[in-house]
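Chemist: no sequence for this one, just the structure:
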């Protein structure tokens, strides 16, 4: 029976590494975004506890795995075995060995057998290669998350998140939970256990959040979700400006409003600026997106007047194959039909999803983070350069540009303000604060996110 073994040495004591794996969110953080997998349910790590995962077998084909934990011996090891899934047998040993009081060796050992006997065994090489990609990602993420969470120095926070089901919100909530923080999603509609219902119009009771350490506000209508009709523009403005008003109005009424409000903002506040270097001190733009983003940030002011520290993260393009711009670029690129958009001269300021999570974490912990912050790397790329690097990572040609006229005909104002707009941001505040990007270079970021 084939096996695969991989170890990593971590600068964390064994009890901390063990606790990290037992907390909610661990499996979500360890699931590579290039695997197209989703955790459906998890009963935690205990003998007999089960985990159900929907995993992509190949493009367009999913398989539901049911796994069972067993042989749980704290803090030394635990195992999980497949009860239902595409393998005849799958067994995974997680082992943790102390390397002194402050370091740990984590080892994953997997054994498997494919169906159809000798015929199925012909696929063992592909399985091994896929497992290797997966655990390269898992170990890198585990080490980075533990290192970042150590900055909290044992502090645990109570945090509420709007937009917790979105691209950033899902992974941010998982990261915070594995760090031992209490995370409460604020949801529109009927709440599940552990959630709180909120109303963007302001008609809701926020009393359960009295005395919370922070609220992270990520909710909003997708900006690049399609052509900007009159109705879509109204939804974008309402969800961001009026939604923030409604959130802040309810929080400002509390006897003890949250100490910190971290609110997503956008680089669109600067408008289309060509090659100009844009810092947080730069003037803002005059188009629809700039106007909405100004209102979005201003809507939080009443909470700041109550003494809450306000942080506005002006996100660039967030990179993840699980959603957003990169997810839309991948299908044509993988089909060999990728290329620059328009002239390709427009600047793209970007940030990998993990660094976005770590940035929010720093903003939670460090009172020096306040006001507008350009949430980007120090290495923006033109669209042509970005496309070329992505093609290199994927091993695909990038010879088929999409003319600007086609994009304008398809998407109108949205294309002019987002896809074709040039925004060359400088993260001046982050550089002053000493923020260290885990993935500052585009090629390294893409290889991590895509398992290449």
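Modeler: Everything's here; your move. The shown structure was predicted, so the numbers you read here are calculated from the model rather than taken from an experiment.
Chemist: going forward, measure contacts between C-alpha atoms and count neighbours the same way
Modeler: Fine.
Chemist: ok, then the element right after the worst-scoring helix or strand of the chain on mean pLDDT?
Modeler: When the helices and strands of the chain are scored by mean pLDDT, DSSP states H and E, helix 117-121 comes last with a mean of 75. Proceeding N to C from helix 117-121, the next assigned helix or strand is helix 124-149, under DSSP states H and E.
Chemist: and the very next helix or strand once past that next one, what other elements does it pack with?
Modeler: Counting by DSSP H and E, the next helix or strand C-terminal to helix 124-149 is strand 158-162. Using 3 or more C-alpha pairs under 8 Å, 6 or more residues apart in numbering; DSSP states H and E, the elements in contact with strand 158-162 are helix 167-178, strand 182-187, strand 214-217.
Chemist: In TSV: the ones you listed, plus mean neighbour count and mean pLDDT.
Modeler: As requested, the helices and strands packed on strand 158-162 are arranged in TSV below (neighbours: other C-alpha atoms under 10 Å; pLDDT from 0 to 100):
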stretch	mean neighbour count	mean pLDDT
helix 167-178	22	97
strand 182-187	21	96
strand 214-217	24	98
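Chemist: Pipe those into CSV and attach distance to residue 114 per row.
Modeler: Shown next, in CSV, are the helices and strands packed on strand 158-162 (distance: least, C-alpha to C-alpha, whole Å):
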stretch, distance to residue 114
helix 167-178, 32
strand 182-187, 39
strand 214-217, 45
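Chemist: Residue 151: which of these is closest?
Modeler: Ranking these by proximity to residue 151 (C-alpha to C-alpha) places helix 167-178 first, at 12.4 Å.
Chemist: residues in contact with that closest one?
Modeler: Contact with helix 167-178 is made by 20-21, 23-26, 28-29, 145, 161-164, 182-183, 218, 322-324, 353, 356-357, as judged by C-alpha atoms under 8 Å, 6 or more residues apart in numbering.
Chemist: Could I get the full set of helices for the stretch 301-450 of the chain?
Modeler: For the stretch 301-450 of the chain, helices defined by DSSP state H, counting those that start in this stretch occupy the ranges 301-304, 324-334, 353-365, 383-394, 404-411, 413-414, 428-433, 442-450.
Chemist: and the lengthiest strand in the chain, average pLDDT?
Modeler: What stands out as the longest strand in the chain, according to DSSP state E, is strand 61-73. For strand 61-73, mean pLDDT rounds to 89.
Chemist: and residue 158, what does it touch?
Modeler: Going by C-alpha under 8 Å, 6+ apart, residue 158 touches 181-184, 212-214.
Chemist: what bridges to it?
Modeler: Using DSSP bridges, the beta-bridge partners of residue 158 come out as residue 182.
Chemist: From residue 173, how far out is it?
Modeler: Applying C-alpha to C-alpha, to the nearest Å, the value for residue 158 to residue 173 is 12 Å.
Chemist: burial measure for residue 308, as a count.
Modeler: When neighbours are defined as other C-alpha atoms under 10 Å, residue 308 has 22 of them.
Chemist: Could you do residue 82 as well?
Modeler: For residue 82, the count of nearby residues is 21 (other C-alpha under 10 Å).
Chemist: Sweet, I'm off.
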